[in-house]
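**Q** for reference, the sequence and a predicted model appear below.
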Amino acid sequence: PAVRQAISTAALQYAKPEGQVFEYGTAGFRMKADLLNTVVFAVGLLAGLRSKKLSGQWIGVMVTASHNPAEDNGVKLVDPMGEMLEAEWEAYATKLANAPLETIADVYDELVKEIDVKMSNPARVVFARDTRASGSRLVGVLNAALTATEVEFLDMKFMTTPQLHYVVRCKNTLGTQYEYGEPTEKGYYEKLASSYKKVMRGVKVQGSLTVDCANGVGGPKLREFIKYLDPGLDIKVVNDDVINPDSLNSECGADYVKTKQRAPPSSKAAVLDRCASLDGDADRLVYYFMDESNIFRLLDGDRIATLAASFIGDLARSAGISQKLKIGVVQTAYANGASTDYVEKVLKLPIICTNTGVKHLHHAALRFDVGVYFEANGHGTVTFSENALKVIKNTEPQSPAQQRSLECLQALTDLINQAVGDAISDMLLVEAILAHKGWSPKEWLGTYTDLPSRLVRVEVGDRSIFKAYDAERKLESPPGLQTKIESLQSRYNKGRSFARASGTEDAVRVYAEAASRSEADDLATRVANAVR
Ligand code: NG1
Ligand code: ZN
């Protein structure tokens, strides 16, 4: 009753935007920042309930809109092992976010009954935010919801999304046999730096790496992390302006580079210089360089996945444990067809194709001992099963070479953020692999040739009529559209195209690839017209 009263009182400080229906989507709630107060309040209430339901384990709340424009913001919940919120709870979040403020305390009570939450359990929530100007106001709202419901909480201030996921996992494994690390920013840097050093034993990085930080939270964090690294890795940080709020994700960052298929206009990189871009909350990473003919060359999430899968596969073989580890790759429909071919035919590894959204990929990756998953846009990581960790740890090496490979694998399990895709951790992984292989980005690019592709955003009246199946590669509705797309794509050499409703924007996305640039563009345009 006291809590109920406190919820009602706190809620009345806010005003619900009229005519808005909120939905917890693939990336939590995301929209214009000034519409978010009541949503964040609801998320605060739910975070406490989720923690109580899980007997007081720490739940994370991240305030960010990732690669979206500076005036947007968003909020999402992080489950105890640093994973995305369990799907069933997304509906609870949606319900609470849409409750009228006058009755939100009643809806809260109903949820307590429906979910069967033991209210005497403790509740603990840890949260952080990216550098958006609206973040401090939204964190204030979160604070009000947690205070009203008497939840213990910890404010980590500015963090990258993966750093918060890391902290959540550390908090919940502290003192257990699965202890993940020290639950602080410093602990995160130390873990990455020391495992990177182990992976790099005996090899050296060539040249420098220029990292575009999207003018987001990754900039100051990467600068801080560099202090923990030995001089071995020469990182030049660019686009790390977090003072001017409008510069975030503007003409830079991983999303810009991937969708525009060009370097940020501010880039001063010379031919063959290794470049990378993070997104606004540093969970996505893409690489690129200018080749000898000054042509922009992109190394996206598919490339990182193939590089990681091939390297880990080689290590498993040289460690003599490849029979014991089932390695697999998880992709979405957006993966370039050439990468799919390469994984199947050259690396000879199994592939699972899932729906868009990392939670689907993460889930599928857990079906392998070593699950390499990346979205083409650069969001991904590698998961290791308990069996994999055991095999790597307990195998007796039969030679110094085997020992070296086992040590390297062991260090990789610490270097890779297994909770979630993490641009800083992924970047260290790529740097280490290139150093081990003695490759420049040119050799990396040479592993296979991407099919030219095009991604178009199509505004439609009602995107909810676009219903997909077969891992979103086909449409069952609107009727007839799928047949039309198939007939279009069959006219192009290596043509492949699909359309699906975006989960984060009010639009339909059309993807097309084909043997040549002009065919890919043409196919995309025709399918986009069919969608309109
Ligand atoms: P939507 O808007 O559902 O296409 C986008 C990305 C996803 C994922 C989410 C979450 C593409 C084509 N889609 O989803 O991969 O990253 O945002 O941020 O890149
Ligand atoms: Zn992001």
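**A** That came in fine, so what should we check first? Numbers count the residues shown, from 1 in each chain. Ligands and ions are numbered 1, 2, ... in the order given.

**Q** what residues are up against the closest residue to ligand 2 within the stretch 51-200 of the chain?
**A** Here the stretch 51-200 of the chain gets closest to ligand 2 at one residue, Ser66, 3.1 Å apart by CB to the ion. Using the backbone N, CA and C atoms, a C-beta is placed for each residue, glycine as well. Ser66 sits next to Ala27, Arg30, Gly74, Asp130, Thr161, Asp279, Gly280, Asp281, Asp283, Arg284 when contact means CB atoms under 8 Å, 6 or more residues apart in numbering.

**Q** not counting its neighbours along the chain, what's nearest the fourth one?
**A** Using CB to CB, 6 or more residues apart in numbering and skipping the chain neighbours, the partner closest in space to Asp130 is Thr64 (4.1 Å).

**Q** can you check the second one too?
**A** In space, not counting the residues next to it along the chain, Arg30 is nearest to Gly74; the distance is 3.5 Å by CB to CB, 6+ apart.

**Q** SS state for the one you found?
**A** State at Gly74, reduced to three classes by DSSP: H, G, I helix; E, B strand; the rest coil: strand.

**Q** just the pLDDT for it.
**A** Gly74 carries a pLDDT value of 98.

**Q** and it, how many neighbours?
**A** Neighbour count of Gly74, defined by other CB atoms under 10 Å: 25.

**Q** ditto for Leu347
**A** Residues lying near Leu347 (other CB under 10 Å) number 18.

**Q** quick one on the thing from earlier: burial count for the residue nearest to Asp130?
**A** 32.

**Q** which residues of this protein lie near ligand 1?
**A** 26-27, 66, 334, 356-357, 375, 377, 379, 502-505, 509 (CB under 6 Å from any ligand atom).

**Q** which of the helices or strands spans Val43?
**A** Using DSSP states H and E, Val43 sits within helix 37-53.

**Q** and the next helix or strand past that helix?
**A** strand 58-63.

**Q** that next one pairs with which strands, and in what direction?
**A** According to DSSP bridges, strand 58-63 has the following sheet partners: strand 72-78 (antiparallel), strand 124-129 (parallel).

**Q** where exactly do the strands run in the stretch 251-400 of the chain?
**A** 274-278, 285-290, 296-299, 327-332, 351-354, 370-374, 380-384 (DSSP state E, counting those that start in this stretch).

**Q** ok, back up a step: residues contacting the residue nearest to Asp130?
**A** So Thr64 contacts Asn73, Gly74, Val75, Lys76, Arg129, Asp130, Arg132, Gly135, Thr161, Val217, Gly280, Asp281 (CB under 8 Å, 6+ apart).

**Q** only whichever of those residues are buried, select them in PyMOL.
**A** Per 16 or more other CB atoms under 10 Å, the buried members of these correspond to this PyMOL selection:
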select buried, resi 73+74+75+76+129+130+132+135+161+217+280+281
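
**Q** against Ala499, how distant is Ala99?
**A** 34 Å (CB to CB, to the nearest Å).

**Q** so for those two, which sits in the more crowded spot?
**A** Neighbour count, other CB under 10 Å: between Ala99 and Ala499, Ala499 has more, with 25 against 21.

**Q** for that one, what are phi and psi?
**A** The phi/psi pair for Ala499 (degrees, to the nearest 10) reads phi -130, psi 140.

**Q** who does it form a beta bridge with?
**A** Residues in beta-bridge contact with Ala499 (DSSP bridges): Val510.

**Q** against ligand 2, how distant is it?
**A** 23 Å (CB to the ion, to the nearest Å).

**Q** list the contacts for that residue?
**A** Per CB under 8 Å, 6+ apart, neighbours of Ala499: Val458, Phe466, Leu475, Leu481, Ile485, Val508, Arg509, Val510, Tyr511, Val527, Ala528, Val531.

**Q** give me every residue in this structure lying close to ligand 2.
**A** Where the chain comes near ligand 2, counting by CB under 5 Å from the ion, the residues are Ser66, Asp279, Asp281, Asp283.

**Q** now with 8 Å?
**A** 27, 64, 66-67, 161, 254, 279-284, 379 (CB under 8 Å from the ion).

**Q** list the buried ones in stretch 93-105?
**A** In stretch 93-105, counting by 16+ other CB under 10 Å, buried: Ala93, Thr94, Lys95, Leu96, Ala97, Asn98, Ala99, Leu101, Ile104, Ala105.

**Q** meant to ask about stretch 502-522
**A** Going by 16+ other CB under 10 Å, stretch 502-522 has these buried residues: 502-504, 508-514, 519-522.

**Q** got the end-to-end distance for it?
**A** Counting by CA to CA, to the nearest Å, you get 22 Å between the two ends of stretch 502-522.

**Q** give the rounded mean pLDDT of it.
**A** In the prediction, stretch 502-522 has an average pLDDT of 95.

**Q** before we move on, what about stretch 351-358?
**A** 96.

**Q** please compute how far it lies from its chain's middle.
**A** On the basis of CA atoms, centre = their mean, to the nearest Å, the separation between the geometric centre of stretch 351-358 and that of its chain is 13 Å.

**Q** residues in contact with it: which ones?
**A** Residues from elsewhere that reach stretch 351-358, judged by CB under 8 Å, 6+ apart: 26-27, 84, 328-335, 340, 343-344, 360-361, 363-364, 367, 373, 375, 379-380, 420-421, 471-473, 500, 503.

**Q** now do the buried residues in the strand or helix carrying Lys186.
**A** Using DSSP H and E, Lys186 maps to helix 185-199. Using 16+ other CB under 10 Å as the test for burial, helix 185-199 gives Glu185, Tyr188, Tyr189, Lys191, Leu192, Ala193, Ser195, Tyr196, Lys197, Val199.

**Q** CA atoms only: put it into PDB for me.
**A** Written as PDB, here are the backbone C-alpha positions of helix 185-199 (Å, rounded to 0.1, in the frame of the first residue of the first chain):
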ATOM      1  CA  GLU A 185      34.500  -0.100 -15.400                       C
ATOM      2  CA  LYS A 186      38.100  -0.600 -14.200                       C
ATOM      3  CA  GLY A 187      37.500  -4.300 -13.900                       C
ATOM      4  CA  TYR A 188      36.200  -4.400 -17.500                       C
ATOM      5  CA  TYR A 189      39.300  -2.600 -18.800                       C
ATOM      6  CA  GLU A 190      41.700  -4.800 -16.800                       C
ATOM      7  CA  LYS A 191      40.000  -8.000 -17.900                       C
ATOM      8  CA  LEU A 192      40.200  -7.000 -21.600                       C
ATOM      9  CA  ALA A 193      43.700  -5.700 -21.400                       C
ATOM     10  CA  SER A 194      45.100  -8.700 -19.600                       C
ATOM     11  CA  SER A 195      43.400 -11.300 -21.900                       C
ATOM     12  CA  TYR A 196      44.400  -9.300 -25.000                       C
ATOM     13  CA  LYS A 197      48.000  -9.400 -23.800                       C
ATOM     14  CA  LYS A 198      47.800 -13.200 -23.400                       C
ATOM     15  CA  VAL A 199      46.300 -13.600 -26.900                       C
END
